[in-house]
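Undergrad: Pasting the sequence and the predicted coordinates here, then a few questions.
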Amino acid sequence: MNTNNTTTKSTEKMTNFRWGVCALLFIATTINYLDRQALSLTWRDFIAPQFHWNDSHYGIVTGYFSLIYACCMLFAGKIIDKLGSKSGYQWAISIWSAAACLHAICGWATVHIAGLESSAALKTIESGSAMALAVASISTWLFLGCRCLLAAGEAGNFPAAVKAAAEYFPAKDRAFATSIFNAGSSAGALAAPLMIPLLAKYWGWEAAFLVVGSLGFLWMGLWGYFYRAPEVNPRVNKAELNYIRQDILSEPTKTEKKLSILRAFTLRQTWALLLERLVTDGVWWFFLFWTPSYLSDRYGYTSSSTQGMVLITLLYAIVSFLSIFLCKIPTYLVEKRGRNPYEARLLSMFFFACLPLLAILAQPLGDYSAWWPAIIIGIACAGHQAWSANIYAAVGDMFDRCAIGTVTGIAGLAAGCGSFIVNYSAGRLFTYSDSLGAAFTFMGYSGKEAGYMIVFCYCSVAYLIGWACMKILVPRYMKVEI
């Protein structure tokens with residue numbers, strides 16, 4: 001009887017609950033980007049006319065959001081390591097969901113602080129007047145306050161997701177699993193233009209923030225019910241647990257040590273990840289925050305117009321599907337070509353870094369049709385998503401699980417700083433170039449179009465710079481000993 005039981009257990013079919021965890025991470029990241037996109041899809045057509053914003057006001061909000069996000073990322077990873085994946089993720093999503101909902105009261109608060117009778121009075125204010133400037137300033141700071149709280153919560157998303165993925169997937173599958181949940185950013189950006197502008201158009205921009213903000217609270221219930229560490233999860237059998245732990249089964253048992261932030265900054269691996277994120281993440285956030293405005297400025301397609309929604313949807317459809325396909329490349333190199341995971345990742349990332357070079361053609365080909373910028377930006381962003389997934393996976397390659405959240409947080413600090421520089425500078429550049437008009441030229445373009453061309457040129461080469469940093473600092477696989 002005992003022999004039969006032992007045979008049954010040893011030959012039982014492996015469960016696949018790890019992919020259920022990956023699905024939950026994908027959904028959380030999708031919600032994360034829905035909340036993040038709500039402002040970019042409503043500011044130009046709904047918020048700016050009401051509160052008298054220009055590009056600089058929007059650049060301030062997006063830029064400082066990125067900076068606060070960066071600062072919070074430094075500590076978010078450490079907090080996630082301390083709280084664990086389950087509790088840490090629940091705290092993070094509760095904070096950012098509440099912050100997303102709070103955006104809806106910014107209009108009401110602006111009216112009362114400015115001493116106006118009602119929201120209708122905002123429409124009667126003369127553009128350029130002292131009251132218009134006051135309304136713009138008050139509303140900017142109110143929205144920025146909500147964005148800072150949103151940043152504090154969202155800073156926990158990727159450290160928690162990367163930590164959970166490292167807990168549930170072996171090294172050879174980690175990049176693919178990471179690409180799936182990281183594709184949630186593309187899925188969120190894909191769903192956003194189909195729902196947020198319509199919500200804003202028919203029910204008011206406030207409804208858009210309330211609806212997307214409430215989704216996070218629903219996810220919290222699912223995460224709390226299903227997630228457990230694989231060793232104690234009843235939905236994970238012995239066969240799946242052995243598969244998950246295949247990288248460490250042959251290693252001697254050792255006491256996990258903690259990696260301090262100061263110690264992390266002394267490591268070449270940390271600096272390689274930090275510099276990569278610093279120079280590249282601003283590209284993704286620029287396209288995320290400014291593409292709807294670009295289509296409106298250059299082609300007159302508002303975010304709520306049919307053409308505008310189709311173009312943004314096409315862009316992120318390309319990102320969503322192409323990025324997942326690209327992230328199979330490292331797995332192919334490991335399983336079919338016998339490369340080690342880090343070597344396969346580095347080789348793949350060079351290819352991903354070349355895709356954004358197409359961004360330099362977005363403006364010239366855009367002279368013929370708006371479809372070209374949408375397609376080209378989509379391919380460039382797909383390259384970013386594949387690149388980003390492999391950076392996250394590289395953290396798991398080089399650092400023990402106890403340090404993943406900390407290192408991911410440090411890299412996130414660099415990413416946010418890079419995003420702040422790009423988005424804040426873009427807002428100032430677009431306002432300045434627009435004011436000069438034909439007097440401001442670059443590569444055959446004038447005015448604001450010249451400003452966009454400058455940023456596109458940076459976006460096209462940023463990833464090759466990041467890859468060079470990685471290659472120089474960590475030319476071959478080196479596991480960090482804590």
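TA: Sure, I can see it. Numbers count the residues shown, from 1 in each chain.

Undergrad: Show me which positions of the helix or strand harbouring Ile95 end up buried.
TA: Using DSSP states H and E, Ile95 falls within helix 85-102. Within helix 85-102, the residues that count as buried by 16 or more other C-beta atoms under 10 Å are 85-102. In this view, the C-beta of every residue, glycine as well, is placed from N, C-alpha and C.

Undergrad: got the contact list for the nearest residue to Tyr33 once chain neighbours are set aside?
TA: Nearest residue to Tyr33, sequence neighbours excluded (C-beta to C-beta, 6 or more residues apart in numbering): Gly188, at 2.8 Å. Listed by C-beta atoms under 8 Å, 6 or more residues apart in numbering, the contact partners of Gly188 are 29-34, 36-37.

Undergrad: go again using 6 Å as the cut-off
TA: By C-beta atoms under 6 Å, 6 or more residues apart in numbering, Gly188 lies in contact with 30, 33-34.

Undergrad: Please, where are all the strands along the protein?
TA: In the chain, the strands defined using DSSP state E lie at 441-442, 445-446.

Undergrad: For the first one, which strands pair with it and how are they oriented?
TA: Looking at strand 441-442 with DSSP bridges, its paired strands and their directions are strand 445-446 (antiparallel).

Undergrad: and the strand it pairs with, how far from the chain's centre?
TA: Distance of strand 445-446 from its chain centroid, counting by C-alpha atoms, centre = their mean, to the nearest Å, is 31 Å.

Undergrad: top helix in the chain by residue count?
TA: Using DSSP state H to define each element, the chain has its longest helix at helix 401-436.

Undergrad: Who are the packing partners of that helix?
TA: Here helix 401-436 touches helix 55-83, helix 157-168, helix 261-264, helix 268-299, helix 371-398, helix 447-473, going by 3 or more C-beta pairs under 6 Å, 6 or more residues apart in numbering; DSSP states H and E.

Undergrad: Quick one: closest of those to Phe17.
TA: helix 157-168 (8.1 Å; C-beta to C-beta).

Undergrad: ok so, going back, in TSV: the contacts of Gly188, plus neighbour count and distance to Leu365.
TA: Converted to TSV, those look like this (neighbours: other C-beta atoms under 10 Å; distance: C-beta to C-beta, whole Å):
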residue	neighbour count	distance to Leu365
Thr30	23	30
Tyr33	23	27
Leu34	27	30
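
Undergrad: Can you give me the separation between the residue nearest the centre of the chain and Phe325?
TA: In the chain, the residue lying closest to the centroid (C-alpha atoms, centre = their mean) is Ser185, at 5.7 Å. Separation of Ser185 from Phe325 (C-beta to C-beta, to the nearest Å) stands at 16 Å.

Undergrad: Next: Ala468.
TA: On the measure of C-beta to C-beta, Ala468 and Phe325 end up 25 Å apart.

Undergrad: swap in Gly466?
TA: On the measure of C-beta to C-beta, Gly466 and Phe325 end up 21 Å apart.

Undergrad: more crowded one of the two?
TA: It is Gly466, of Gly466 and Phe325, that has more neighbours when counted by other C-beta atoms under 10 Å, with 25 against 11.

Undergrad: Can you name the residues that contact the more buried one?
TA: Contacts for Gly466 (C-beta under 6 Å, 6+ apart) come out as 276, 279-280.

Undergrad: where does the stretch 1-150 of the chain dip in pLDDT?
TA: 1-11 (pLDDT under 70).

Undergrad: Identify each buried residue in the longest helix of the chain, please.
TA: For helix 401-436, by 16+ other C-beta under 10 Å, it's 403-431, 433-434.

Undergrad: next one: that helix to chain centre, how far?
TA: Relative to the chain's own centre, helix 401-436 is displaced by 11 Å; criterion: C-alpha atoms, centre = their mean.

Undergrad: what's the angle between it and helix 157-168?
TA: 150 degrees (axes from the mean of the first three to the mean of the last three C-alpha atoms, to 10 degrees).

Undergrad: Rounded mean pLDDT for helix 401-436, please.
TA: Taken as a whole, helix 401-436 has a mean pLDDT of 86.

Undergrad: thinking again about what came up before, where helices are concerned, which of the contacts of Gly188 count?
TA: Counting by DSSP H, these place 30, 33-34 in helices.

Undergrad: need these in a markdown table with distance to Met478, can you?
TA: Converted to a markdown table, these look like this (distance: C-beta to C-beta, whole Å):
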| residue | distance to Met478 |
| --- | --- |
| Thr30 | 34 |
| Tyr33 | 33 |
| Leu34 | 38 |
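
Undergrad: now, which of those residues sits nearest Lys123?
TA: Lys123 lies nearest to Leu34 out of those, by C-beta to C-beta, at 28.5 Å.

Undergrad: From Gly451, how far off is that closest one?
TA: Counting by C-beta to C-beta - Leu34 and Gly451 are separated by 28 Å.

Undergrad: In this structure the residue nearest to the centre of the chain contacts Asn32, no?
TA: No: using C-beta atoms under 6 Å, Ser185 is not in contact with Asn32; the gap is 7.2 Å.

Undergrad: for the strands of the chain, which one ends up most surrounded?
TA: Here the criterion is mean neighbour count by mean count of other C-beta atoms under 10 Å, and of those the winner is strand 445-446, at a mean of 17.

Undergrad: Residues contacting it, please?
TA: 438, 453.

Undergrad: That strand - what's its average pLDDT?
TA: Across strand 445-446, the average pLDDT comes to 94.

Undergrad: re the thing from before, let me have the helices and strands packed on helix 401-436 in TSV, adding distance to Ile329 as columns.
TA: As requested, those are arranged in TSV below (distance: least, C-beta to C-beta, whole Å):
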stretch	distance to Ile329
helix 55-83	27
helix 157-168	18
helix 261-264	29
helix 268-299	18
helix 371-398	8
helix 447-473	15
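
Undergrad: Highest mean neighbour count out of those helices?
TA: Mean neighbour counts for these (mean count of other C-beta under 10 Å) peak at helix 157-168, with a mean of 28.

Undergrad: can you tell me the average pLDDT over that one?
TA: Here helix 157-168 scores 85 as its mean pLDDT.

Undergrad: Please apply the same query to stretch 259-274.
TA: Averaged across stretch 259-274, the pLDDT comes to 86.
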